[in-house]
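*Asks:* attaching a predicted model along with its sequence, questions to come.
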Amino acid sequence: MTTAEAQLAQEPGVDTAAVLNTYRRHVGRGRARLAAMTGAVVEVASFGAHVWDATGRQYLDCGGYGVFLLGHAHPDVTDAVIHQIRRHPMATRLLLEPTMATAAAALAEVTPDGLDYVHFVNSGAEATETAIKLARAHGKRVLVSASGGYHGKTTGALALTAKPVFQDPFRPLLESIHVPYGDADALAAVLADHPGQACVVVEPVQGEGGVIVPPAGYLPMVQQLCHAHGAMFVLDEIQTGLGRLGSWWGADAERLRPDVLLVGKNLSGGVIPVAAAVATAQAYAPFDSDPFLHTSTFAGAPVAMAAATATVRVIARDGLVARAAELGTRIRGMLDDTLAELRGEVVTDIRGRGLLLGIELANEALAGQLMLHLLEAGVVVNHSLNAHRVVRLTPPAVMTDRDLDELHHALTAAARQLTRHVPAHGKAADRA
Ligand SMILES: Cc1ncc(COP(=O)(O)O)c(C=O)c1O
């Protein structure tokens with residue numbers, strides 16, 4: 001344990017029961033019930049690949065819903081943010097302000113060629129909203145997304161997040177059509193029916209959809225079809241971008257150049273919420289000519305810009321994209337080994353790319369059990385909002401060999417526990 005880690009672990013405790021009770025009374029009983037089911041662990045501190053709970057117990061964070069590629073509280077990002085807080089945390093918005101210029105240039109520098117214009121926002125869903133509004137400003141009102149896709153839950157973005165349980169209570173939503181992910185023919189048919197009117201939004205790998213990697217050639221075909229039918233092509237890299245897949249962008253692997261690229265999660269450096277829509281000059285034209293067409297008070301605040309710039313620089317300087325690819329291969333091998341005995345009727349698939357990895361279980365109950373056993377063994381992972389049978393790992397690219405050992409131990413222990421839950425493997429499917 002480093003000195004910083006030791007200090008964090010020794011922070012004065014928090015009353016877990018009181019936190020749970022306050023959640024119950026002021027945050028929501030559903031949220032409190034969920035917390036109670038997962039042992040009511042209260043997180044109070046974080047650094048690097050680890051978080052600490054109120055009792056001082058350390059957990060390896062392979063969750064965080066894809067935010068922590070740089071781990072928690074990366075020193076360079078934290079320093080940049082603290083410096084900015086002391087100097088000029090929020091802007092008047094009337095005057096020019098240099099941190100936004102620097103962050104926009106830093107992001108444009110690493111996005112695919114031709115994506116030069118950056119509109120900063122505060123969350124992933126707002127980045128999606130930005131793309132929807134750009135599309136509508138261009139007269140493209142028919143939203144097309146893929147089943148299982150996840151693009152946020154604000155009412156605009158929700159039209160694209162193709163899951164009835166999230167959409168139904170809020171209908172009517174914006175007009176949208178959902179096509180099967182990976183099926184270029186289905187997309188071609190929809191676009192042919194709406195020439196010049198569509199905006200297509202897809203992820204390079206579906207994250208919340210359960211780590212679905214599309215067939216090779218699918219994404220270039222989506223791009224080609226958008227060009228052929230005059231549709232706007234929006235690539236949602238909120239979860240996959242900035243190195244998560246072992247390349248700067250999912251777009252890189254297939255040399256894509258979308259009209260709009262959505263960025264979020266990792267852009268925060270795990271320190272300050274920030275997201276962005278990065279567009280070509282042509283796609284951005286409506287905002288280029290009218291800066292008040294789409295605005296938000298806190299968007300592009302200097303404190304967030306400091307985090308975004310520092311994050312992009314750290315990823316480039318420390319070679320975290322290559323490191324994500326290398327760690328991804330090693331962790332994938334570890335999953336294959338430790339879960340080998342459960343493959344078949346308990347673990348039905350292991351898949352992913354880079355540091356976005358999914359373990360698909362035979363049913364939702366088993367997925368819940370695996371998450372709990374990993375937590376008991378000291379590892380935090382994600383569930384998948386649109387695929388409850390898939391446990392998702394989004395580990396940081398700053399993991400050390402010691403952290404990998406920790407993960408190996410926890411996976412081994414969790415696999416052993418899971419085997420106990422399934423006395424006869426053949427019965428696993430019956431428990432669905
Ligand atoms: C691909 C993708 N798009 C959009 C979002 C929405 O981002 P946020 O939760 O920051 O609104 C998410 C969140 O998980 C995501 O994974």
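*Replies:* Sure thing, it's come through.
*Asks:* contacts only, for the closest residue to the ligand within the chain.
*Replies:* Residue nearest to the ligand within the chain: residue 124 (2.1 Å; Cβ to the nearest ligand atom). C-beta: built from backbone N, CA, C; applies to glycine. Applying Cβ atoms under 8 Å, 6 or more residues apart in numbering, one finds that residue 124 lies in contact with 151, 152, 238, 239, 262, 264, 265, 275.
*Asks:* shouldn't the fifth one be within a strand?
*Replies:* Yes. The assignment for residue 262 (DSSP: H, G, I helix; E, B strand; the rest coil) places it in a strand.
*Asks:* how about it: which residues does it bridge to?
*Replies:* For residue 262, the beta-bridge partners are residue 236, residue 277 (DSSP bridges).
*Asks:* re the thing from before, contacting residues around the nearest residue to the residue of the chain closest to the ligand once chain neighbours are set aside?
*Replies:* With sequence-adjacent residues excluded and distances taken as Cβ to Cβ, 6 or more residues apart in numbering, residue 124 is closest to residue 264, at 3.6 Å. By Cβ under 8 Å, 6+ apart, the residues touching residue 264 are 123, 124, 127, 238, 239, 241, 274, 275, 276.
*Asks:* which of these sits closest to residue 369?
*Replies:* residue 239 (24.7 Å; Cβ to Cβ).
*Asks:* burial measure for the closest residue in space to residue 137 that isn't next to it in sequence, as a count.
*Replies:* With Cβ to Cβ, 6+ apart as the criterion, residue 137 has its nearest non-adjacent residue at 3.7 Å, and that residue is residue 286. By the criterion of other Cβ atoms under 10 Å, residue 286 has 16 neighbours.
*Asks:* what's the longest helix along the chain packed up against?
*Replies:* Taking DSSP state H as the criterion, the chain has its longest helix at helix 401-421. On a contact count with 3 or more Cβ pairs under 8 Å, 6 or more residues apart in numbering; DSSP states H and E, helix 401-421 meets strand 58-61, helix 320-338, helix 364-376, strand 379-380.
*Asks:* for the contacts of residue 124, which one is nearest residue 354?
*Replies:* Scanning these for proximity to residue 354, where the rule is Cβ to Cβ, the winner is residue 239, at 11.3 Å.
*Asks:* was I right about the closest one contacting residue 262?
*Replies:* No. Residue 239 lies out of contact with residue 262 (Cβ atoms under 8 Å); the separation is 9.6 Å.
*Asks:* for these two, indicate the residue with more neighbours.
*Replies:* Counting neighbours by other Cβ under 10 Å for residue 239 and for residue 262 shows that residue 262 has the greater number, 31 against 28.
*Asks:* neighbours of residue 407, how many?
*Replies:* The local packing of residue 407 (other Cβ under 10 Å) involves 25 other residues.
*Asks:* outline the domain layout of the protein.
*Replies:* Following automatic domain parsing, one finds the domains of the chain at 3-33+42-73+319-431, 75-317.
*Asks:* out of those, which one sits most buried?
*Replies:* domain 75-317 (a mean of 20; mean count of other Cβ atoms under 10 Å).
*Asks:* packing partners for the helix or strand containing residue 78?
*Replies:* Using DSSP states H and E, residue 78 sits in helix 75-87. Identification of packing neighbours for helix 75-87 by 3+ Cβ pairs under 8 Å, 6+ apart yields helix 302-317.
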